[in-house]
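> Take this sequence and fold it.
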Amino acid sequence: RAKEAFSIGAIATHVDAPGHFISDGKCIADIDVHHLIAPAVVVDVQERVKRDPDYELTVEDLLAWEATHEAIPEDSIVCMKTGWSSRFCDEQAYCNKDADGMMHFPGFGVDAAKFLINNRKIVGIGIDTFSLDPGRSKTMPVHHTILGAGRYQVENM
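Sure thing, here's the model as predicted:
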């Protein structure tokens, strides 16, 4: 199995295994295949993102989704549908950098990530942006929370 790879950035849809950020985390080959083939929950926040490109998914968003649908099942992957994928072929629009070079795009809030791990026992999260953390994040708390809990994440869906 490959131990090292090189690319100029996170291109195309891909899975981040815990080892992506966590020194002793699992590599993708070590994740149970049954966790990679999992029921998906899609939380559509496109309207909120149109008003706020820095939107962060909240626990309240998740509870509202459950009130309309059902409880988020254990061993599922929760995906955030932001509409950002419509920008994928336009690098400037996709990265959405301001004058200082700060990227602005939506992501999961860290409280939502913790809720999904601790209260819904999910196997992973996914998003249609460059990162699960909002673009303006400097510390990547969602990466540390999700990958640190041994879960995986899918970016650029």
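> Going along the chain, name the helices of the chain.
Per DSSP state H, the chain carries helices over the ranges 33-36, 46-51, 59-68, 91-95, 110-120, 141-148.
> Let me know which of those helices is tucked in deepest.
Highest mean neighbour count among the helices of the chain (mean count of other Cβ atoms under 10 Å): helix 141-148, with a mean of 21. Where you see a C-beta, it was placed from the backbone N, CA and C, and this is true even at glycine.
> Export stretch 17-25 to PDB, keeping only CA atoms.
Output of stretch 17-25 as PDB, limited to C-alpha atoms (Å, rounded to 0.1, in the frame of the first residue of the first chain):
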ATOM      1  CA  ALA A  17      -8.900   9.100   6.700                       C
ATOM      2  CA  PRO A  18      -8.000   9.800  10.400                       C
ATOM      3  CA  GLY A  19      -4.300   9.400   9.400                       C
ATOM      4  CA  HIS A  20      -4.600  12.600   7.300                       C
ATOM      5  CA  PHE A  21      -4.400  14.700  10.400                       C
ATOM      6  CA  ILE A  22      -3.900  12.400  13.400                       C
ATOM      7  CA  SER A  23      -0.400  10.900  13.700                       C
ATOM      8  CA  ASP A  24      -1.500   7.400  14.900                       C
ATOM      9  CA  GLY A  25      -4.800   7.500  13.000                       C
END
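> in that stretch, what counts as buried?
17-20, 22, 25 (16 or more other Cβ atoms under 10 Å).
> Likewise for stretch 80-98?
Taking 16+ other Cβ under 10 Å as the criterion, stretch 80-98 shows 80-84, 87, 94-96 as buried.
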